[in-house]
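Colleague: The sequence isn't on hand, but the structure is:
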């Protein structure tokens, strides 16, 4: 059982790192520019089907753009959103949770009420409402998803800090005159990092799916920048003519989410 869990973790890690590397080196890996159009080659099928060519291994879209190249460049959006929204939301939530759990009193009461208020609204509803108001850019998308998810880290950090604040190692640090900031960052935070790392790994898949959903609704990154969710949305009208335009971006989303879930589950175990 243990060897199987390790294998799942490494499979997830390989998938995750592979997609990250693909996103970073997209301009060298992609055979074409994601914007390059060729209407004469519009809706060309994948290479293994009739009329398919090796010039476009996964086919083309309705504007004749190479689907493989757009998938490779689309990985940049998903990885940027998944990684940076988790880093931003996790950092913000952890700091707020540490403060609430350590100082308690009215500070904890205020932060707890803010957390309860935000949790009373569906996260997707909050993201849709904010994105519709602030505009559809990659930076806004990352900030909005970080704002949606910070409460998860804050609750865990708050509860763990409350359980640890009276432990011997914290009391010893206080007795030698350590300031509150040093206790929070040097003594309490390292104790929380393993749990928060697991939450971040699992939460990354939720951020990837949220980005895909918002892009599908037209509230994510705007064309011509490719995003897997917007590629699926664009393919709705031609699904019966060119199924590959929707299937391959959908498979890319599924692969990335599966990889992050396997990695997160492996860390948890």
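Modeller: Ah, there it is. These numbers were taken from a predicted model, which means no experiment stands behind them.
Colleague: Average pLDDT for the helix or strand harbouring residue 163, rounded please.
Modeller: Residue 163 is part of helix 138-164, with elements assigned from DSSP states H and E. On average, the pLDDT along helix 138-164 is 90.
Colleague: again with stretch 252-264
Modeller: 88.
Colleague: ok, and for that stretch, which residues are buried?
Modeller: 252, 253, 256, 257, 259, 260, 261, 262, 263, 264 (16 or more other CB atoms under 10 Å). Using the backbone N, CA and C atoms, a C-beta is placed for each residue, glycine as well.
Colleague: helices or strands up against the helix holding residue 163?
Modeller: helix 67-103, helix 105-119, helix 123-134, helix 189-216 (3 or more CB pairs under 8 Å, 6 or more residues apart in numbering; DSSP states H and E).
Colleague: want to throw the ones you listed into TSV with distance to residue 155 and mean pLDDT?
Modeller: TSV is the format used below for the helices and strands packed on helix 138-164 (distance: least, CB to CB, whole Å; pLDDT from 0 to 100):
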stretch	distance to residue 155	mean pLDDT
helix 67-103	7	91
helix 105-119	6	88
helix 123-134	14	85
helix 189-216	10	85
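Colleague: looking at those helices, which is buried most?
Modeller: helix 67-103 (a mean of 22; mean count of other CB atoms under 10 Å).
Colleague: what's the angle between that one and helix 138-164?
Modeller: 30 degrees (axes from the mean of the first three to the mean of the last three CA atoms, to 10 degrees).
Colleague: elements contacting helix 67-103?
Modeller: helix 2-24, helix 26-29, helix 105-119, helix 138-164, helix 189-216, helix 228-234, helix 244-268.
Colleague: mind running it again at 6 Å?
Modeller: helix 2-24, helix 26-29, helix 105-119, helix 138-164, helix 189-216 (3 or more CB pairs under 6 Å, 6 or more residues apart in numbering; DSSP states H and E).
Colleague: Okay, buried residues for the fourth one please.
Modeller: Just to be clear, that refers to helix 138-164. So, applying 16+ other CB under 10 Å, buried residues of helix 138-164: 138, 140-158, 160-161, 164.
Colleague: chain center to it, what's the gap?
Modeller: Helix 138-164 sits 13 Å away from the centroid of its parent chain (CA atoms, centre = their mean, to the nearest Å).
Colleague: Please apply the same query to the longest one.
Modeller: For helix 189-216, the distance from its own C-alpha centre to the chain's C-alpha centre is 6 Å (CA atoms, centre = their mean).
Colleague: Can you give me the distance of the nearest residue to residue 68 once chain neighbours are set aside to residue 173?
Modeller: Using CB to CB, 6 or more residues apart in numbering and skipping residues adjacent in sequence, the residue nearest residue 68 is residue 58, 4.4 Å away. Going from residue 58 to residue 173 by CB to CB, to the nearest Å gives 57 Å.
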